[in-house]
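Enquirer: My questions are about this predicted structure, shown below with the sequence.
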Amino acid sequence: EVQLVESGGGLVQAGGSLRLSCEASGFTVDDLTIGWFRQAPGKEREGVSCIIGNDGSTSYADSVKGRFTISGDSAKKTVYLEMSSLKPEDTAVYYCAADPTITTLTMSSYEYDYWGQGTQVTVSS
């Protein structure tokens, strides 16, 4: 079983940066596809980015492309989401999710079986 713990959320001004971390246990990062999702109040959960651990392939939602970077550190069993040029509309609870059976880049939340507890990101204008 995969267990995920997110950290790194907080309050930041528009234009600022944050780095979210997702530490995995139960599987190595190389054996997982990991996605970052977010959910703002009153909105559906949306995919932000994902990475295939064993080859480093990545994908991004159009809304964050060029501003967010996903990366993995196998030794630390951690996947990061570097967020820059943050906007108020990036405000949401951010979740990481993982699954050892996903072999393609997907940001469909239904395909991920394991989820972290979420971390709040608030961007003030």
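Expert: Now that the structure is in, tell me what you want to look at. Residues are numbered from 1 along each chain as shown.

Enquirer: pretty sure Ser85 contacts Gly15?
Expert: Yes: applying Cβ atoms under 8 Å, one finds Ser85 in contact with Gly15, separated by 6.2 Å. C-beta coordinates here come from the backbone N, C-alpha and C atoms, glycine included.

Enquirer: and the gap between the residue at minimal distance from the centre of the chain and Leu105?
Expert: The residue lying closest to the centre of the chain (Cα atoms, centre = their mean) is Trp36, at 2.3 Å. Note on Trp36: its distance to Leu105, by Cβ to Cβ, to the nearest Å, is 13 Å.

Enquirer: Quickly list what's touching both of these two.
Expert: Counting by Cβ atoms under 8 Å, 6 or more residues apart in numbering, the residues touching both Trp36 and Leu105 are Cys50.

Enquirer: And the host helix or strand of Leu20, what's buried?
Expert: Per DSSP states H and E, Leu20 falls inside strand 18-25. Neighbour counts over strand 18-25 (16 or more other Cβ atoms under 10 Å) mark 18, 20-24 as buried.

Enquirer: Can you lay out these as CSV showing pLDDT?
Expert: Formatted as CSV, the buried residues of strand 18-25 follow (pLDDT from 0 to 100):
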residue, pLDDT
Leu18, 98
Leu20, 98
Ser21, 98
Cys22, 97
Glu23, 96
Ala24, 95
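
Enquirer: Need the residues you listed in TSV (columns: distance to Asp99).
Expert: Formatted as TSV, the buried residues of strand 18-25 follow (distance: Cβ to Cβ, whole Å):
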residue	distance to Asp99
Leu18	25
Leu20	19
Ser21	19
Cys22	13
Glu23	16
Ala24	11
